[in-house]
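>>> sequence and predicted structure are below.
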Amino acid sequence: MPFSRRVSLTQYLIEQRRRFPGASGDFNALIHDAAIACKAIGRTVAFGALRDLLGDHPGAQGAVNVQGEVQKKLDVLSNDCFMQVAQWSGHLAGMASEELELPAQIPAGQPRGKYLLVFDPLDGSSNIDVNVSVGSIFSILRAPAEVVASGREVTAEDFLQPGTAQLAAGYAIYGPTTMLVLTVGDGVAGFTLDPTLGEFMLTHPRLQVPAQTQEFAINASNSRFWEPPVRRYVDECLAGRTGPRGKDFNMRWIASLVAEAHRILMRGGVFLYPRDSKDPAKPGRLRLLYEANPIGMIMEQAGGRASTGRDPMLAVQPSGLHQRIGLIFGSREEVERIERYHHEPAPLVSDDNPLFGTRSLFRH
Ligand code: MN
Ligand code: MN
């Protein structure tokens, strides 16, 4: 698709459909609905503290969501945006959201479709008050054939499909520009919202994650809870030019999954929120169905890799709607190295080994 031609999201989807005659118009319409929800959320978020003046405070509401976190009003508003746009579309059999304990049903009497929409309506919302980029993440699955045939209400089990079953995945990032990054299983395309037209325009036709990188992103304050393979990887990065990697690394940490994924998609890097021993009840922080899987599909479609550290992320069979999991993604060679460290026996830890000895920054 020539970049010099101005291509809107609508045109892009029509063109995709021409290339894959099996793709249905319903599917395109559903992606369009998700894009509309993202535009609405982007507008809402852009008002920032002006909402205070308008008497609509975006701060903590006091309500606690199913994850046990304080739910901010913008999380709820963003959830409503997705629900309102999608539930009347006729393309969905049901929806699941970070903000809802149980799947959302299509209202009685409304037409139902054959797809499932899963979303994190506002990712990185703890960054709202400091005006750092936030985003929305979504994933589209096929509803089980029996659900479509019977028209019955959806259950959590209907959503427990591995990442390989995703038909499409995307995120919107609300930063200096609003962008939509999308895969329908044929590479990854980035669209920039043209504020004068209100249209997402194709600006990044074929995004590729560089295979190598000198940037890593991890929350180092959790280092005492890391497993040995993660500690080894980070220690080797920190050892820089004089260590086994023979090159210096930079560290980044935004604490906003969408912003980290976007940076890595644009210029490479590796992101780790690994399984750790901090809280035995939560063997990982991020959510499989609406964070790890959609970001994982985008990474893999862009030539990168997503992993639990031990297994490919997209192969994991989910066991719960809000399941948490260790997530590592980004430049292929780095993720493969981290997986290798998880499968190799741990190197001998001794004071003779500079990486694990007294000079290590992350010694335990
Ligand atoms: Mn999130
Ligand atoms: Mn969220």
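Received, thanks. Ligands and ions are numbered 1, 2, ... in the order given.
>>> quick check: phi and psi at the residue in the chain that ligand 1 sits nearest to.
Going by C-beta to the ion, ligand 1 is nearest to residue 123 of the chain, at 3.5 Å. Any C-beta I mention is one placed from the backbone N, CA and C, and that applies to glycine too. Dihedral pair for residue 123: phi -100, psi 140, per degrees, to the nearest 10.
>>> then residue 195?
Torsion angles, degrees, to the nearest 10, at residue 195: phi -70, psi -20.
>>> quick check: closest non-adjacent residue to it.
Spatial nearest neighbour of residue 195, excluding adjacent residues (C-beta to C-beta, 6 or more residues apart in numbering): residue 178 at 7.9 Å.
>>> partners of that neighbour in the sheet?
Here residue 178 sits in beta bridges with residue 174, going by DSSP bridges.
>>> how much space separates it from residue 234?
Distance of residue 178 to residue 234, computed by C-beta to C-beta, to the nearest Å: 33 Å.
>>> point to the helix or strand of the protein where mean pLDDT is at its lowest.
The least trusted helix or strand in the chain, going by mean pLDDT, DSSP states H and E, turns out to be strand 60-64, with a mean of 51.
>>> ok, back up a step: residue contacts, the residue nearest to residue 195?
The contact partners of residue 178, taken as C-beta atoms under 8 Å, 6 or more residues apart in numbering, are 38-39, 42, 172, 192-193, 195.
>>> packing partners for the longest helix along the chain?
In the chain, taking DSSP state H as the definition, the longest helix is helix 25-46. Under the contact definition 3 or more C-beta pairs under 8 Å, 6 or more residues apart in numbering; DSSP states H and E, helix 25-46 sits against helix 9-19, helix 73-87, strand 115-123, strand 134-142, strand 168-174, strand 178-183.
>>> the third one and ligand 2, are they touching?
The reference is to strand 115-123. Yes: shown here: strand 115-123 in contact with ligand 2 (C-beta under 5 Å from the ion) through 120, 122-123.
>>> same for that strand, what does it pack against?
Here strand 115-123 touches helix 25-46, helix 73-87, strand 92-97, strand 134-142, going by 3+ C-beta pairs under 8 Å, 6+ apart.
>>> counting by contacts, list what the last one packs against.
Helices and strands in packing contact with strand 134-142 are listed as helix 25-46, helix 73-87, strand 115-123, strand 168-174, helix 257-267, helix 293-301; criterion 3+ C-beta pairs under 8 Å, 6+ apart.
>>> quick check: residue 116 vs residue 141, distance?
Separation of residue 116 from residue 141 (C-beta to C-beta) stands at 4 Å.
>>> repeat for residue 133
Remark: distance between residue 133 and residue 141 (C-beta to C-beta) = 27 Å.
>>> between these two, which one's more packed in?
Shown here are residue 133 and residue 141; by other C-beta atoms under 10 Å, residue 141 has more neighbours (25 against 21).
>>> show me where pLDDT drops low in the stretch 201-350 of the chain?
Residues of the stretch 201-350 of the chain meeting the criterion pLDDT under 70: 347-350.
>>> which of the three states applies to residue 341?
helix (DSSP: H, G, I helix; E, B strand; the rest coil).
>>> near ligand 2, which residues of this structure are found?
Within the chain, the positions near ligand 2 by C-beta under 5 Å from the ion are 98, 120, 122-123.
>>> can you lay out these as TSV showing pLDDT and neighbour count?
Shown next, in TSV, are these (pLDDT from 0 to 100; neighbours: other C-beta atoms under 10 Å):
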residue	pLDDT	neighbour count
98	97	26
120	98	29
122	97	28
123	97	29
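>>> show me which residues of stretch 249-259 are buried.
In terms of neighbour count (16 or more other C-beta atoms under 10 Å), stretch 249-259 has its buried residues at 249, 254, 256-259.
>>> want to throw the residues you listed into a markdown table with distance to ligand 1?
Converted to a markdown table, those look like this (distance: C-beta to the ion, whole Å):
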| residue | distance to ligand 1 |
| --- | --- |
| 249 | 26 |
| 254 | 12 |
| 256 | 8 |
| 257 | 5 |
| 258 | 8 |
| 259 | 11 |
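>>> the closest residue to residue 160 other than its chain neighbours: how many residues sit nearby?
Nearest-residue entry for residue 160: residue 318, 4.4 Å, with adjacent residues in sequence omitted and distances by C-beta to C-beta, 6+ apart. Residue 318 has 21 neighbours, counted by other C-beta under 10 Å.
>>> report the contact partners of residue 318.
159-162, 288-289.
>>> weed out the non-buried ones from those.
For these, buried by 16+ other C-beta under 10 Å: 159-162, 288-289.
>>> about what we covered before: of the contacts of residue 178, just the buried ones, ChimeraX syntax please.
Selecting only the buried entries of the contacts of residue 178 in ChimeraX, with 16+ other C-beta under 10 Å as the criterion:
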select :38,39,42,172,193
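>>> so which of the contacts of residue 178 is the closest to residue 80?
Distances from residue 80 to the contacts of residue 178, taken as C-beta to C-beta, are shortest for residue 38 (13.4 Å).
>>> surely the closest one meets residue 134?
No: using C-beta atoms under 8 Å, residue 38 makes no contact with residue 134, being 11.4 Å away.
>>> how much space between the residue of the chain closest to ligand 1 and residue 138?
Note on residue 123: its distance to residue 138, by C-beta to C-beta, is 10 Å.
>>> mutual contacts of these two, please.
By C-beta under 8 Å, 6+ apart, the residues touching both residue 123 and residue 138 are residue 171.
>>> interface residues of the stretch 101-250 of the chain facing ligand 1?
120, 123.
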